[in-house]
Each structure stands twice: as structure tokens, then as C-alpha cells.
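Peer 1: Fold the following, please.
(one chain, ligands or ions: 1)
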Amino acid sequence: MTTIEISPSDRVFILTGAGISAESGLPTFRGADGIWRQHRVEEVASPVAWQRDPKMVWEFYSMRRRVHEGKQPNAGHRALAQLEAQLGERMFLCTQNVDALHERGGSRRVVHMHGELFKSRCDTCSRPPFADQNTYEEEVPRCECGGRIRPHICWFGETPYELDRIFDELQRCTVLVAVGTSGLVEPAASFAAYARSSHRRVRAIYVGPEEPANRLDFERCVAGTATEVLPTLFAVRSEAARAV
Ligand code: NAD
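Peer 2: Below is the predicted model of the structure:
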């Protein structure tokens with residue numbers, strides 16, 4: 001059994017991808033039953049698609065909202081929530097996932113770099129993103145300003161959210177753990193390399209059933225699924241333990 005020792009001076013950066021939600025019944029990105037095997041990305045998840053056919057875009061995200069409805073967090077999500085409860089602000093959880101399973105599993109501070117499926121925003125004015133569980137099949141909803149309401153999702157060709165904060169945390173972390181992400185989607189695919197590019201020693205570990213494309217950026221790969229590995233992965237040492 002592999003464990004990662006976390007000392008009182010460690011700062012832990014966690015990056016999660018679609019794989020952590022696979023055992024909750026949500027298809028991954030590129031897996032055999034993956035979302036993008038069934039839809040052409042440029043038709044449903046790009047600014048061009050939104051300009052051309054917003055109704056079709058909403059049909060796709062309405063379908064995804066229905067698929068996510070009722071899905072439950074798994075032991076992997078809960079293990080990360082427990083780690084946050086132990087480490088507080090020494091842990092930074094960054095997810096590429098748009099689902100809400102980290103929050104439902106008890107995590108309080110989650111940075112969704114690719115947006116959130118259950119939020120929407122105006123495509124015209126600066127009104128902040130708002131919670132939205134609705135599905136829109138018939139009509140594209142409108143904002144008070146006259147703009148169209150769009151999913152709060154970072155589409156292909158758009159810039160991921162909160163990158164300044166993410167790169168600050170990458171510079172500060174001493175441990176980086178990536179879970180269930182294929183290492184193909186940038187910029188997340190470069191996070192481990194970036195964290196390790198400074199002179200600090202950063203332990204970088206990958207967790208998943210298969211090696212990611214960026215395997216060489218990690219010191220170690222722990223083979224197994226999120227629910228198999230995460231519940232026993234972290235050994236958090238307290239101040240008291242250090243003093244002994
Ligand atoms: P990906 O599909 O490219 O890779 C998934 C990875 O998870 C694979 O490497 C696979 O080996 C691994 N995996 C499969 N089952 C696993 C398990 N049980 N435990 C641990 N790992 C497992 O996904 P990605 O790298 O996250 O791709 C990024 C894009 O996918 C993001 O843009 C994200 O927004 C999007 N996405 C999100 C969701 C979601 O919110 N749940 C679902 C699908 C895709």
C-alpha cells in the first residue's frame with residue numbers, strides 16, 4: 001500500500017480529472033463511452049457553436065445536467081474532503097471537472113478551472129455566474145440586459161478560470177497529486193512540470209488505472225482507481241507528532 005507522508009510544513013496541490021468521477025457513474029472525456037465519442041466538440045462546446053446554434057449547445061448541456069442529476073460522490077471525493085478538513089488552507093483542490101461531486105462529498109474550497117455545470121452566466125454583461133439547475137430544450141434563456149444566458153463552462157478556445165491563483169499555488173506547493181486525468185488537456189497537463197521546474201523539491205504523484213501521457217512529469221504513479229487508492233493514500237503528520 002502506497003502512502004504519502006504530509007508533514008506540517010507541506011502544502012498540497014490536488015488536481016482532479018474526469019477519472020475521479022468515473023466510479024460515480026459519470027463518463028470520462030475520452031473513455032470508450034466518453035462524451036466526446038458521441039458528440040463533435042466543435043458542434044457543442046465552443047464559442048463558434050454558441051454563435052451558430054445556441055439552442056443545440058443548450059440541448060447538450062441540458063442533457064449533461066440530467067445525466068449528473070442524482071449522481072453521488074464516491075470514496076475518492078470523500079477522501080479529498082477529509083484531507084481538506086485536516087490540512088485546511090494548506091491544501092488546494094483544483095478540478096477540471098464541471099460536476100459538483102467534490103462539493104457534495106464535503107470539499108469546501110474547490111477551484112473549477114473549466115467551470116461548473118450547474119451554473120450559468122450572461123454572454124454579454126458582467127453579471128456574475130449564478131446557480132442554475134434548469135434544462136433548456138425549447139428556448140435559449142435571456143438575461144435582463146438582453147444578452148443570452150450560457151452555461152458557465154470553459155469551452156475549447158476559451159481561457160480556463162482562476163489561472164493566476166492556480167499558478168501561485170503551484171509555486172507554493174511541496175506535494176502535487178493528480179488523479180484521473182489523461183495528461184492531454186492543457187494547461188492542466190503542464191501543472192506537474194511547472195511545479196517541479198523551480199529549484200524546490202516537489203513530490204509529484206499520479207493516481208489512476210493507467211499511466212497518463214505526461215507520466216515523466218511524475219516521480220511516482222500509483223496504479224488503481226480513485227476509490228481504491230485515495231482513502232488510504234495520505235498520512236498526515238501533526239505538529240504534536242513532529243515534536244515527539
Ligand atoms: P480524460 O477522459 O482525458 O481522462 C480520464 C482519465 O481518468 C484517464 O487517464 C483514465 O485512465 C482515468 N480513469 C478512468 N477511470 C478512473 C478511476 N476510476 N479512477 C481514477 N482514474 C480513472 O479526462 P481529463 O483528463 O479530466 O480531461 C479533461 C476534460 O474532461 C476536462 O475538460 C473536463 O472538464 C472534462 N470532463 C469532465 C467531466 C466531469 O465533470 N465529471 C466528465 C468528462 C469530461
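Peer 1: can you tell me how far the most centrally placed residue in the chain sits from the ligand?
Peer 2: Residue closest to the average C-alpha location in the chain (C-alpha atoms, centre = their mean): residue 95, at 1.7 Å. Look at residue 95 and the ligand: by C-beta to the nearest ligand atom, to the nearest Å, they are 8 Å apart. C-beta: built from backbone N, CA, C; applies to glycine.
Peer 1: So is the longest helix along the chain next to the ligand?
Peer 2: Criterion DSSP state H: the longest helix present in the chain is helix 54-68. No: using C-beta under 6 Å from any ligand atom, we find that helix 54-68 stays clear of the ligand, coming within 7.7 Å at best.
Peer 1: Next, the contact list for the residue nearest to the centre of the chain, please.
Peer 2: 15-17, 20, 102, 110-114 (C-beta atoms under 8 Å, 6 or more residues apart in numbering).
Peer 1: now the residue lying closest to it once chain neighbours are set aside, which residues is it bridged with?
Peer 2: Among residues not flanking residue 95 along the chain, residue 16 sits closest, at 4.5 Å (C-beta to C-beta, 6 or more residues apart in numbering). Beta-bridge partners for residue 16, by DSSP bridges, are residue 95, residue 179.
Peer 1: pretty sure residue 16 contacts residue 98?
Peer 2: No: Residue 16 is beyond contact range of residue 98, at 11.6 Å (criterion: C-beta atoms under 8 Å).
Peer 1: can you give me the helices in the protein?
Peer 2: Using DSSP H, helices in the chain cover 19-22, 35-38, 41-44, 47-52, 54-68, 75-87, 101-104, 163-172, 191-196, 226-229, 239-243.
Peer 1: For the ones you listed, give me CSV that also has mean neighbour count and distance to residue 8.
Peer 2: CSV is the format used below for the helices of the chain (neighbours: other C-beta atoms under 10 Å; distance: least, C-beta to C-beta, whole Å):
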stretch, mean neighbour count, distance to residue 8
helix 19-22, 27, 26
helix 35-38, 14, 41
helix 41-44, 15, 44
helix 47-52, 14, 45
helix 54-68, 17, 37
helix 75-87, 20, 10
helix 101-104, 21, 24
helix 163-172, 15, 15
helix 191-196, 21, 20
helix 226-229, 20, 24
helix 239-243, 9, 5
